[in-house]
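Participant: just to be clear, the model below is a prediction. Sequence and coordinates:
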Amino acid sequence: MRDFIRLQLKLKWGFNRNNSKNNAIMTAIAAFFAVAIILALVWGLSFVLNQSLQVTAKVLSGLFVTILMIGLTVVATGMQINRLYRPGDLHITARFPLSPFKVFVSYLIINYIDLTIYSVILLVPVMMVFGWAVHCITFVYVLGVLLGAILLPLLPFGLSVLIAIPVVYATTFLERYNIVRLILFIVFLVGCFLLYDYILTILASFFIHRNWETGTLEIWDKLLAGLDSYYNPAYYLGNVMFFERFWIGFGSLIGASIVLMAIGIALAKVTCDKLRRKALEGGFGAYQKRTAIDGYGSARAIFRFSFKKILQDKAYFYFYLGVAISTPVMVFFCDRLVGMVGEAQIGSGINFGAAMLTLSVFMAMISSFSASILSVDGKAFYISKLVPVPYRKQLAIKGLLYIAVGIVALAISTIVMGSLSFVNAAEIAVLVVTQLLFTVGLVFNGINLNLSNPNLKPKANGEVEEINITYMLLIGFAIAAVLGATTLIFPRLLESGAAWAYGISVGIAIVYATVNMLVFWFTAEKMYRKIEM
């Protein structure tokens, strides 16, 4: 059992020699930027609230500890489902010389170790930045944070063992209702984004105008008072970290966690055995549908198959279509925020630049998935080499699907901005032309990138490591920053700066799209033939 745990941890956290150093570097860069953004928000919100509210550091820290505890509970629930109830390596582990009970216990231990690592990675930096912002860092504070990082996983782990059982049954029931799952995910995604937008808005309002909107302080006072109560589990962890009523907090956390774990593990063992046996027998909520042979032409058949492939793959189904459908809402709020900050720093008349920047960012997010246009086929890739359709035509048709999704999101976004008079007719025309060309360039850039780095073979645990999407996100964000800077700054520098901004932005998009289409046209067939499973 110890060797099994060590193997699973090595697959998750160990270095795989088959992975290129470039993949590791790009992953580290992406993680660095994500952590930097989070810590910047923590520092800004901590500083602003500490300056504006008459509360202690412990009370204020309850906000961040609560968020971390909720986040870890969600992460832990996902780990319980993926390892206990829906493991990708079930048919392999079933042949291991381990009893089902030992496998079950091993996965629980692995999940807890993973959660502890996440806890240290998240809590320590966040609370150090928080302490810096509110000037409360002392030796005792650092000691309390380290102790809190060790205790933080207990309650989320115990809760996740219980929560995972109804969640796995609910998701199994919704397997046949993709639209319902997509709607729920979009609602969740938009809700998280609106919360993020709200925090950025109040930070921007404070740092720009040095004031708060009416009623905002009262809302935050009530929120912090509610979090600093006996009903919030984070309150007890705060007692431990700040050494206030230490033993009450410590004992409550340990006691509640042990009770939850005992009940959850007892129920999970029965549920796990049932679902694993069902999965090994070939059930697990799947159903088969007989389909007749259709008479579609090659182009339509490939286009239709590629779209169905996106619907069947959970990662693409949620994050690709979810982001694409929710883009208009997020673009509107981003435009408003960027417009407010830009007007304060640059001056009025920057709506067009704000629209260009935000649209470019979201088009980059949507189109970056084209960098996995081959990888999504996985082991079925060899079928595409047997289909009597030229390779370049297959790729072009699949690319057209990604372009079509981007066009729909772009059309709705521009309609929303135009109807709210955020931009005028001429600016909408420039936005549409620029973003359409930008999307085409992104899609073909992603295809070219995936041709040079197919990533068709999954890892030992069944997951596909798709670093190409990260590459494309960084490329897309870099070009989006150039487009945004051009349209924000040029109108302020030159008398005819608006015309220059229009021409340069369209020119950048034309060059980017043309170069990537030419690379695709002259290299796609040759690169495709070289790919082997």
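Facilitator: Cool, the structure landed. Since the model is a prediction, treat every value here as computed from it, not as a measurement.
Participant: name the helix or strand of the protein that has the lowest mean pLDDT.
Facilitator: For the chain, using mean pLDDT, DSSP states H and E, the weakest element among its helices and strands is helix 314-315, scoring a mean of 59.
Participant: give the contact list for residue 47.
Facilitator: If you count contacts by CB atoms under 8 Å, 6 or more residues apart in numbering, residue 47 has them with 133-134. To be clear about C-beta, it is placed using only N, CA and C from the backbone, and glycine gets the same treatment.
Participant: what's the mean pLDDT across the helix or strand it falls within?
Facilitator: Assessed by DSSP states H and E, residue 47 sits inside helix 21-52. When the per-residue pLDDT values of helix 21-52 are averaged, the result is 76.
Participant: next secondary structure after it?
Facilitator: Scanning forward in sequence from helix 21-52, with DSSP H and E defining helices and strands, the next element found is helix 57-80.
Participant: how far away from the center of its chain is that next one?
Facilitator: Between the centre of helix 57-80 and the centre of its host chain there is 17 Å, according to CA atoms, centre = their mean, to the nearest Å.
Participant: who does it touch, helix- and strand-wise?
Facilitator: In terms of contacts (3 or more CB pairs under 8 Å, 6 or more residues apart in numbering; DSSP states H and E), helix 57-80 is packed against helix 21-52, helix 100-134, helix 154-173, helix 216-227, helix 233-241.
Participant: tell me which of the ones you listed sits nearest to residue 324.
Facilitator: Of all the helices and strands packed on helix 57-80, the one in closest proximity to residue 324, counting by CB to CB, is helix 21-52 (20.6 Å).
Participant: quick one: buried residues of that closest one?
Facilitator: Residues 23, 26, 30, 39, 41-50, 52 are the ones in helix 21-52 that count as buried (16 or more other CB atoms under 10 Å).
Participant: quick one: low-confidence ranges for the stretch 401-533 of the chain?
Facilitator: Across the stretch 401-533 of the chain, residues meeting the criterion (pLDDT under 70) sit at 456-466, 492-497, 532-533.
Participant: all strands of the stretch 201-350 of the chain, in order?
Facilitator: Chain-ordered strands for the stretch 201-350 of the chain, with DSSP state E, counting those that start in this stretch as the definition, do not occur.
Participant: poorly predicted segments of it, please.
Facilitator: In the stretch 201-350 of the chain, residues with pLDDT under 70: 201-217, 273, 276, 279-296, 310-322, 334-349.
Participant: rewinding a little: quick check, nearest of the buried residues of helix 21-52 to residue 480?
Facilitator: Taking CB to CB as the measure, residue 480 lies nearest residue 30 of the buried residues of helix 21-52, at 15.8 Å.
Participant: ok and the helix holding residue 47 relative to helix 57-80, angle-wise?
Facilitator: For the pair helix 21-52 and helix 57-80, the angle between their directions (axes from the mean of the first three to the mean of the last three CA atoms, to 10 degrees) equals 150 degrees.
Participant: in which helix or strand does residue 522 reside?
Facilitator: In this assignment (DSSP H and E), residue 522 forms part of helix 497-530.
Participant: same for that helix, what does it pack against?
Facilitator: With 3+ CB pairs under 8 Å, 6+ apart as the test, helix 497-530 has helix 351-367, helix 391-419, helix 425-452, helix 468-493 packed against it.
Participant: in a markdown table: the ones you listed, plus mean neighbour count.
Facilitator: Below are those laid out as a markdown table (neighbours: other CB atoms under 10 Å):
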| stretch | mean neighbour count |
| --- | --- |
| helix 351-367 | 26 |
| helix 391-419 | 19 |
| helix 425-452 | 22 |
| helix 468-493 | 19 |
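Participant: wait, what's in contact with residue 9?
Facilitator: Going by CB under 8 Å, 6+ apart, the list of residues near residue 9 reads 110, 113.
Participant: and the pLDDT at it?
Facilitator: Model confidence at residue 9, expressed as pLDDT, equals 73.
Participant: how much space separates it from residue 43?
Facilitator: 33 Å (CB to CB, to the nearest Å).
Participant: cool, and residue 185?
Facilitator: From residue 185 across to residue 43, the span is 30 Å (CB to CB).
Participant: before we move on, back to that, in the helix holding residue 522, what counts as buried?
Facilitator: Taking 16+ other CB under 10 Å as the basis for neighbour counts, the residues of helix 497-530 that come out buried are 497-498, 500-502, 504-506, 508-510, 512-513, 516-517, 519-520, 524, 527-528.
Participant: same deal with stretch 106-123?
Facilitator: For stretch 106-123, the neighbour count (16+ other CB under 10 Å) marks 106-116, 118-119, 122-123 as buried.
Participant: closest to residue 237 among those residues?
Facilitator: Of all the buried residues of stretch 106-123, residue 237 sits closest to residue 123, with 9.3 Å by CB to CB.
Participant: for the closest one, which non-adjacent residue is closest in space?
Facilitator: For residue 123, ignoring the flanking residues on the chain, the nearest one in space by CB to CB, 6 or more residues apart in numbering is residue 149 at 4.5 Å.
Participant: cool, residue 249 as well?
Facilitator: residue 239 (3.0 Å).
Participant: I'd say the one you found and residue 233 touch.
Facilitator: No: with contact taken as CB atoms under 8 Å, residue 239 and residue 233 are classed as non-touching, separated by 11.0 Å.
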